[in-house]
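**Q** compute the structure for the input listed below.
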Amino acid sequence: MVLVNYLLLAVSLLCAWLPQHPRRWMILTALMALCTASLCDTILTTGVATLLVLLGLAILSVKFSRYRQLLLISIFSLLAVALSLHVLPGFNNLAVIEHQQLKPDSAFFSLWLNFDKPWIAWIILFAFKPALLRNLNQWRTALVKAWLPLLTTLTLTMLLAATVGLIHWLPAVPPYAMMFLAINLIFTCVAEECFFRIVVQNQLHERLRHLRHGEVMAIVTTGCLFGLAHAGGGGSYIAVATVAGVGYAWVYQRSGSLEMAILAHWLLNTLHFIGFTYPVAV
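**A** Next up, the predicted model:
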């Protein structure tokens, strides 16, 4: 029964890409996810209250402009970061892999199904209503624009990670691969890219675009913030995450597509998981 909560939440996120009435289906499936999660104690009353506050802040920030919008988005961002770090009460996340070594010479690894973090993506997709790819022609156009920064990001990030000793080449398909890749795509990459592209990068671009090299400044700043968000891994991890974050921001700016940034993020994580020691070498 507990897994149904997460499945419904994943479906609700994917409903944002429906060609007709996406918001209607997002609301319906989200309510179903919250109801089942409440029955299983995956979410408590305080968790629901937190989500309502975040949703209210996001909706209000769209209605206002300039300073009031900046204030609301700043408060929203602080709460969203706290939610993604699992420090806000009201959620009972599910551990699916606990302290296991997936590959030789690799650090022990735990994988959680988080019910809190994906709601950041849901709220952003619902409130900010970003332009999404709706047909094959749009996907084809976005891929043509994104392929060069995407491949550059994959190459440079993995080279840097190997150079500083975080990982080394060890191709293998670890246990739980399909589960990991599905969870990583929907519950990690979608959530993080929605926040860093739609909220952070778009806001920086809006405020810096009138400056010389404003677009580059927005890309680099967003990448640095992405790196700092991974500070728990130490200095080398921050450096590698910063390079990756700059790459994702470049992919987004070049293609104008949230989906391409999500794809770049997920492909890099997949390459790391399949091709190298994971999560880091020991």
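**Q** what ranges does this protein have for its helices?
**A** With DSSP state H as the definition, the chain shows helices at residue ranges 2-14, 22-39, 45-63, 66-84, 118-128, 136-163, 177-183, 190-193, 202-208, 214-228, 235-255, 258-275.
**Q** buried ones in the fourth one?
**A** For helix 66-84, the neighbour count (16 or more other Cβ atoms under 10 Å) marks Gln69, Leu72, Ile73, Phe76, Ser77, Leu79, Ala80, Leu83, Ser84 as buried. From N, CA and C alone the C-beta is placed, and that goes for glycine too.
**Q** excluding chain neighbours, what is closest to the fifth one?
**A** This points to Ser77. Using Cβ to Cβ, 6 or more residues apart in numbering and skipping residues adjacent in sequence, the residue nearest Ser77 is Val199, 6.2 Å away.
**Q** count of neighbours near that neighbour?
**A** Val199 has 20 neighbours, counted by other Cβ atoms under 10 Å.
**Q** show me the shaky parts of the stretch 51-200 of the chain.
**A** Scanning the stretch 51-200 of the chain with the threshold set as pLDDT under 70 gives no residue ranges.
**Q** return the distance of the spatially most central residue of the chain relative to Ile198.
**A** With distances taken as Cα atoms, centre = their mean, the residue of the chain nearest its centroid is Glu192 (1.8 Å). Relative to Ile198, Glu192 is positioned 11 Å away (Cβ to Cβ, to the nearest Å).
**Q** just give me the longest strand of this structure.
**A** If each strand of the chain is counted by residues according to DSSP state E, the longest one is strand 94-100.
**Q** which parts of it are buried?
**A** Ile97.
**Q** so which residue of the chain lies furthest out from the middle?
**A** Checked against the centre of the chain - Cα atoms, centre = their mean - the farthest residue is Arg212, lying 29.2 Å away.
**Q** could you tell me the per-residue confidence at that residue?
**A** At Arg212, the model reports a pLDDT of 87.
**Q** let me see the contact set for it.
**A** Contacts here follow Cβ atoms under 8 Å, 6 or more residues apart in numbering; on that basis Arg212 touches nothing.
**Q** what does Leu57 give?
**A** Contact criterion Cβ under 8 Å, 6+ apart gives Leu72, Ile73, Ile75, Phe76, Leu79 as the residues in contact with Leu57.
**Q** repeat the analysis, applying 10 Å as the threshold.
**A** Under the criterion of Cβ atoms under 10 Å, 6 or more residues apart in numbering, the contact list for Leu57 reads Leu71, Leu72, Ile73, Ser74, Ile75, Phe76, Ser77, Leu78, Leu79, Ala80, Ile123, Ala127.
**Q** state the pair within these that is farthest apart.
**A** When Cβ to Cβ is used, the two most widely separated members of these are Leu71 and Ile123, lying 17.6 Å apart.
**Q** average model confidence for stretch 266-273?
**A** When pLDDT is averaged over stretch 266-273, the result is 98.
**Q** stretch 2-17 now?
**A** Rounded mean pLDDT across stretch 2-17 is 95.
**Q** can you tell me what sits against stretch 162-182?
**A** Taking contacts as Cβ under 10 Å, 6+ apart, the residues outside stretch 162-182 that touch it are 10, 96-97, 100-106, 109, 111, 113, 158, 160-161, 183, 188, 233-237, 239-240, 266, 269-281.
**Q** end-to-end on that stretch?
**A** 25 Å (Cα to Cα, to the nearest Å).
**Q** now it: buried residues?
**A** Within stretch 162-182, the residues that qualify as buried are Ala162, Leu166, Ile167, Leu170, Pro174, Tyr176, Phe180, counting by 16+ other Cβ under 10 Å.
**Q** out of these, which is nearest to Asn137?
**A** Of all those, Asn137 sits closest to Phe180, with 31.9 Å by Cβ to Cβ.
**Q** correct me if wrong: Trp25 contacts Ala16.
**A** Yes: look at Trp25 against Ala16 with Cβ atoms under 10 Å: they come within range, at 8.8 Å.
**Q** and those two? which has more neighbours close in?
**A** Comparing Trp25 with Ala16 by neighbour count (other Cβ under 10 Å), the higher total belongs to Ala16, at 21 against 16.
**Q** picking that back up, filter the contacts of stretch 162-182 down to the buried ones, PyMOL style.
**A** Those of the contacts of stretch 162-182 that meet the burial criterion (16+ other Cβ under 10 Å) are gathered into one PyMOL selection, given here:
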select buried, resi 10+97+102+103+106+109+111+113+158+160+161+183+188+237+239+240+266+269+270+272+273+274+276+277+278+279+280+281
